[in-house]
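1. pasting the structure only:
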Ligand code: CA
C-alpha cells in the first residue's frame with residue numbers, strides 16, 4: 001500500500017509537478033494552498049508525511065510546523081526553504097521539522113528525501129515496540145517514547161519522529177561517548193547533505209525538551225570536539 005503525502009504550497013505549478021510525479025511513484029497525494037488548510041489536513045491523521053513550504057499565505061510554514069508539534073503530531077515534516085536562507089533551515093529544524101530541502105530542487109532529490117524520512121519514521125515506529133520509558137528524580141522528567149512525549153516539570157513536549165529515533169539510539173548507548181559521525185551514520189544514515197551542524201540543532205532542541213539548558217546538563221552531555229554522552233534519567 002502506498003504512503004499518503006500532503007503538500008502545503010501556494011504555487012500551483014509546483015503542486016501539479018510534484019503531485020503528478022508522486023502519484024506516478026505510487027504515493028497518494030493531497031495538497032493544501034495555505035497554512036490553515038495545511039494544518040487542518042496534517043492533523044487529520046490521513047497522511048504519512050508533509051511537504052511544507054515556509055512561504056505561505058496566512059499561517060506560514062514555521063507556524064504550521066510549530067502548531068503540529070504542539071498538538072502532539074509526530075508526522076514527518078519536510079520543509080521547503082529558499083536557498084539563500086540558512087537561518088530558515090535552522091529555524092525549521094528547531095520548530096520540529098525533520099528535514100529541509102532548498103528551492104529550487106530536483107525531483108530525484110525530493111523523492112530521496114521523502115523515502116528517507118518515511119524509512120526513518122518506520123524505524124522509529126519499530127523502535128517504539130521496545131521503547132524505554134523513564135522518570136527522572138522526583139518525577140521531574142518523564143520520557144515516554146511510545147507516546148512520543150517528554151514531560152519536564154509538568155510541561156509536555158511532543159517529539160518529532162527524528163527526535164524519537166535519536167533518543168531511542170541514546171537510550172541504547174547509555175553513558176557511552178557517541179561521536180557526531182556515529183549519530184550521522186546510525187540515526188540519519190543516508191544523506192551526504194546532512195551535516196554535523198544539523199545534528200547539533202536536533203540535539204540542542206532535544207536537550208531543551210529534557211530541560212538540559214545552559215549550565216544544567218543532566219542527561220545529554222556535550223563532549224567538546226567529539227559529540228555527546230547520554231545519562232538516562234534514573
Ligand atoms: Ca510558497
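-> Received it, and whenever you're ready, just let me know what you need. On a predicted model such as this, the values are computed, not experimentally measured, just so you know.
2. Can you report how many residues lie near the nearest residue to residue 56 once chain neighbours are set aside?
-> In space, and not counting its chain neighbours, residue 56 is closest to residue 35: 4.6 Å by Cβ to Cβ, 6 or more residues apart in numbering. Heads up, the C-betas are built off the backbone N, CA and C, glycines and all. When neighbours are counted by other Cβ atoms under 10 Å, residue 35 registers 23.
3. Against residue 89, how distant is residue 35?
-> According to Cβ to Cβ, to the nearest Å, residue 35 stands 19 Å off from residue 89.
4. buried residues in stretch 72-80?
-> Buried residues in stretch 72-80, counted by 16 or more other Cβ atoms under 10 Å: 73, 74, 75, 76, 77, 78, 79, 80.
5. Tell me where the protein has helices.
-> 12-24, 35-42, 61-70, 86-94, 107-128, 161-172, 180-183, 196-210 (DSSP state H).
6. looking at the ones you listed, which one has the lowest mean pLDDT?
-> Ranked by mean pLDDT, these end with helix 86-94 at the bottom, a mean of 73.
7. helices and strands around that helix, which ones?
-> Secondary-structure packing of helix 86-94 (3 or more Cβ pairs under 8 Å, 6 or more residues apart in numbering; DSSP states H and E): helix 61-70, strand 77-82, strand 99-103, helix 196-210.
8. who's in contact with the residue nearest the centre of the chain?
-> Centroid-nearest residue in the chain: residue 98, 2.6 Å away (criterion: Cα atoms, centre = their mean). By Cβ atoms under 8 Å, 6 or more residues apart in numbering, the contact list for residue 98 reads 76, 77, 78, 117, 120, 160, 161, 162.
9. Return the backbone torsion pair for it.
-> Recorded main-chain torsions at residue 98 are phi -90, psi -30, according to degrees, to the nearest 10.
10. re earlier: mind putting the helices of the chain in JSON lines, distance to the ion included?
-> Output for the helices of the chain, formatted as JSON lines (distance: least, Cβ to the ion, whole Å):
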{"stretch": "helix 12-24", "distance to the ion": "8"}
{"stretch": "helix 35-42", "distance to the ion": "10"}
{"stretch": "helix 61-70", "distance to the ion": "8"}
{"stretch": "helix 86-94", "distance to the ion": "12"}
{"stretch": "helix 107-128", "distance to the ion": "15"}
{"stretch": "helix 161-172", "distance to the ion": "24"}
{"stretch": "helix 180-183", "distance to the ion": "32"}
{"stretch": "helix 196-210", "distance to the ion": "23"}
